[in-house]
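Colleague: no sequence for this one, just the structure:
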């Protein structure tokens with residue numbers, strides 16, 4: 001039977017060492033591919049196991065550790081971690097990624113909440129405006145503007161004003177008939193001669209029981225002139241005044257760096273929220289979609 005040479009035995013060991021390496025912490029042989037991450041995970045697990053007893057014995061009053069032992073993720077001996085070409089963890093492998101930081105179980109840590117819960121605590125206002133800035137905005141924080149007041153005034157406490165109807169809403173016309181005829185003549189753009197003819201006929205034998213008191217166009221025009229006195233009249237005049245050019249004023253505001261944080265350069269999404277109801281607002285200058 002031929003003897004195996006010493007050279008071939010050594011080369012075989014070198015090939016095995018290149019394919020698998022022994023972990024210093026779990027004392028198992030692992031694949032050379034991704035071995036560094038596996039050993040880093042074992043090191044972190046070993047440090048946690050050593051750190052817990054030391055903390056408990058050094059200051060037992062500071063940290064209360066339950067009697068149940070700490071359960072750490074098991075590392076199967078026969079499993080192999082799958083890593084990609086760049087030595088990265090591949091989904092579907094038997095172990096968790098090595099670069100994930102797991103918090104110590106004795107520390108009562110909580111995940112940070114979102115911006116709305118940070119501002120108003122775990123409960124949002126009953127009614128509020130939610131503003132979501134544009135992704136390119138200098139401040140991408142979602143803003144909550146509460147609308148409900150601490151001491152709302154009930155409707156029974158609000159004084160209700162009931163306007164009283166005017167006794168003669170057609171004034172300065174003498175009666176409703178005069179007002180309605182004048183309104184019809186103006187809206188119909190009737191000329192002066194037609195108005196005089198109609199009024200003459202209505203005040204004679206055209207209509208029985210007519211209550212018109214206007215006799216002709218001149219009387220109707222006089223009443224209209226009195227009605228115009230109910231409002232401030234327009235005047236023609238020339239006024240000289242100092243003014244700032246609107247366009248130059250706008251440019252000065254745009255170029256003012258101190259106003260940059262308050263400028264609305266980007267559109268926002270704005271919602272009116274009341275309980276579970278949420279309605280997007282579109283009809284404001286900066287709520288474009």
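Modeller: That came in fine, so what should we check first? Quantities reported herein were computed from a predicted structural model and do not represent experimental measurements.

Colleague: Relative to residue 249, how far out is the closest residue to residue 216 other than its chain neighbours?
Modeller: Distances taken as Cβ to Cβ, 6 or more residues apart in numbering put residue 196 closest to residue 216, at 5.1 Å, once the chain neighbours are dropped. Yep, even glycine has a C-beta here, placed from its N, CA and C like the rest. Per Cβ to Cβ, to the nearest Å, residue 196 is found 56 Å from residue 249.

Colleague: still on that earlier bit, does the residue nearest to residue 216 count as helix, strand or coil?
Modeller: Following DSSP: H, G, I helix; E, B strand; the rest coil, the label given to residue 196 is helix.

Colleague: ditto for the one 10 residues further on
Modeller: The three-state label for residue 206, taken from three-state DSSP, comes out as coil.

Colleague: Please identify which of residue 196 and residue 249 sits among more neighbours.
Modeller: residue 196 (16 against 11; other Cβ atoms under 10 Å).

Colleague: Could you tell me the per-residue confidence at the more buried one?
Modeller: You'll see residue 196 listed with a pLDDT of 94.

Colleague: To what extent is residue 49 buried, counted in neighbours?
Modeller: Residues near residue 49, counting by other Cβ under 10 Å: 12.

Colleague: and if you look at residue 128?
Modeller: 19.

Colleague: Would you mind measuring from it to residue 148?
Modeller: Counting by Cβ to Cβ, the gap from residue 128 to residue 148 is 8 Å.

Colleague: Give me the contact list for stretch 163-176.
Modeller: 178-179, 182, 211, 213, 223, 226-227 (Cβ atoms under 8 Å, 6 or more residues apart in numbering).

Colleague: Which among those residues count as buried?
Modeller: With burial judged by 16 or more other Cβ atoms under 10 Å, the buried subset of these is 178-179, 182, 223.

Colleague: Turn these into JSON lines, columns for distance to residue 282.
Modeller: Shown next, in JSON lines, are the buried ones among the contacts of stretch 163-176 (distance: Cβ to Cβ, whole Å):
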{"residue": "178", "distance to residue 282": "48"}
{"residue": "179", "distance to residue 282": "43"}
{"residue": "182", "distance to residue 282": "45"}
{"residue": "223", "distance to residue 282": "48"}
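
Colleague: Identify, from those, the entry nearest to residue 273.
Modeller: Distances from residue 273 to the buried ones among the contacts of stretch 163-176, taken as Cβ to Cβ, are shortest for residue 179 (50.2 Å).

Colleague: Surely that closest one is in a strand?
Modeller: No: Residue 179: not assigned to a strand; according to three-state DSSP it is helix.

Colleague: Many thanks, I have nothing further to ask.
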